[in-house]
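Enquirer: Would you be able to build a 3D model of this:
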Amino acid sequence: MIYLDWAATALPQEDIITEALKKSFEYFANPSAKHFMGKEARKILEEARSEIAGLLNTVPEHIVFTSGGTEGDYIPMLSLLSHPSTCSIAVSNIEHSAVREQADIMKARGYKILQIPADKNGFISADAVLKTIDSDTVFVSVMAVNNETGAIQPIAEIGKALEEYSKGKRKIHFHTDAVQAIGKIPFDLSKTAVHSASFSGHKIGAPRGIGFLYLKKNIESFIRGGGQENGIRPGTENLAGILALSGCLKKYYENLDIYVSHAKKLMDFLIDELSGIAGLSFIPEARPQLKDKFSPWILQFAVKELTGEVLVRCLSEKGICISTGSACSSRKQIRPVLEAMKIDAKVQQNSVRVSIGPSTQKKELEVFVKTLKEILIEFR
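Expert: Residues are numbered from 1 along each chain as shown. So this is what the prediction gives:
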């Protein structure tokens, strides 16, 4: 088995997850309970929160545990429902469906949705954001790293531009989906000027169903319950997941320089090898020339001979796992991110995504390239 779909989910870090599970058995009490066992569980939970905050250069009070990236994306946007719908929301047109679909829900409830356009390479500029927002805009969402193309967005520049724009005016809440950034590229919350950011555990080897939301200041939560997580995300905390998330994040951050160097070498090799295949095009086409502006963990390309779904299936039969990226509409056969980049419809249909991780080896990519060439020969 050769696994090249890390952007969908990372290989689980079994030792860290197992240790976290064992510890959760020991501290099994409800962290909200007032007796000594509950207080002990609370202490362990808060230690994990503090560790995560330290790794991201923020304070524990700004970390809210969630069920994952999707929940971390919709909590800030849903908080707007506590206010009159006489305002607008600006979202980039390359967002993950967790943001894009939620924006559609907000539109149905009377909010005006403004689309921030990406350029042909899939980047959202600060200038594009400023040209899109209106005087009634209260919320802007631009993801940190695109999950399909790997394009690293200028979040710091956008945040600074919004701060300048907001001087003397109503403040605009700036949110970023940082699911593909955490542990993959240098990411320091103190340097981003965002008001909220969502993170997911299973992208760095923690279990699915755990994540966290960075909140620079409290918001009025639309969803209510038992008051956990400072009232922002009610529900009894998942201590086992939180401990595993903290452990996995720590491992990634302690090894970030080594991991990134490893990924860059592998990605350079992969791009060089694929460049020699006739009929193969990178998405965007300028990807090989703009390596430093893209995540070294993600690569998207298309081959003219096969649709993405067929190529994924052919490789799967050979024991190699890649993906088509975000699922396309079965009716329209389009992919929203690639459509936003004005990619040709045929190329959209044929696009696939290869994503690597810390344990990916060069020999695995060599087998992948060799197998890909063999498959293409069969269909020519």
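Enquirer: tell me the secondary structure for the nearest residue to A29 once chain neighbours are set aside?
Expert: Using Cβ to Cβ, 6 or more residues apart in numbering and skipping residues adjacent in sequence, the residue nearest A29 is M37, 3.8 Å away. C-beta coordinates here come from the backbone N, C-alpha and C atoms, glycine included. Assigned with DSSP: H, G, I helix; E, B strand; the rest coil, M37 falls in the helix class.
Enquirer: Same question for A197.
Expert: Secondary structure state of A197, per three-state DSSP, is strand.
Enquirer: Tally up the residues packed near it, please.
Expert: 30 (other Cβ atoms under 10 Å).
Enquirer: is it true that it touches T176?
Expert: Yes: using Cβ atoms under 8 Å, A197 makes contact with T176 at a distance of 4.9 Å.
Enquirer: between those two, what contacts are shared?
Expert: A144 (Cβ atoms under 8 Å, 6 or more residues apart in numbering).
Enquirer: now the spatially closest residue to A10 that is not a sequence neighbour: how far from P288?
Expert: Nearest non-adjacent residue to A10, counting by Cβ to Cβ, 6+ apart: G205, 4.6 Å away. Separation of G205 from P288 (Cβ to Cβ, to the nearest Å) stands at 29 Å.
Enquirer: Comparing those two, which shows the higher neighbour count?
Expert: Higher neighbour count among G205 and P288: G205, with 27 against 15, using other Cβ under 10 Å.
Enquirer: shouldn't the more buried one be in contact with L11?
Expert: Yes: using Cβ under 8 Å, G205 is in contact with L11, at 6.3 Å.
Enquirer: Can you give the domain ranges for this protein?
Expert: When the chain is parsed with automatic domain parsing, its domains come out as 2-10+256-379, 14-254.
Enquirer: any weak-confidence spans in this protein?
Expert: 326-333 (pLDDT under 70).
Enquirer: any idea which residue sits dead centre in it?
Expert: Nearest residue to the geometric centre of the chain (Cα atoms, centre = their mean): V179, 2.5 Å.
Enquirer: dump the residue contacts of it.
Expert: G69, H96, M143, V145, N147, S198, F199, S200, K203, G211.
Enquirer: repeat that for 7 Å
Expert: G69, S198, F199, S200, K203 (Cβ atoms under 7 Å, 6 or more residues apart in numbering).
Enquirer: so it sits in a helix?
Expert: No: the assignment for V179, made by three-state DSSP, is coil rather than a helix.
Enquirer: which stretches of the stretch 101-250 of the chain form strands?
Expert: For the stretch 101-250 of the chain, the strands defined by DSSP state E, counting those that start in this stretch cover 112-116, 137-141, 173-177, 196-200, 211-215.
Enquirer: Distance to G159 for the ones you listed - can I get that in CSV?
Expert: Below are those laid out as CSV (distance: least, Cβ to Cβ, whole Å):
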stretch, distance to G159
strand 112-116, 14
strand 137-141, 9
strand 173-177, 5
strand 196-200, 11
strand 211-215, 13
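Enquirer: Out of the ones you listed, which one sits most buried?
Expert: With neighbours taken as mean count of other Cβ atoms under 10 Å, the strands of the stretch 101-250 of the chain reach their highest mean count in strand 196-200, at a mean of 29.
Enquirer: In its sheet, which strands sit next to that one, and in what direction?
Expert: strand 173-177 (parallel), strand 211-215 (antiparallel) (DSSP bridges).
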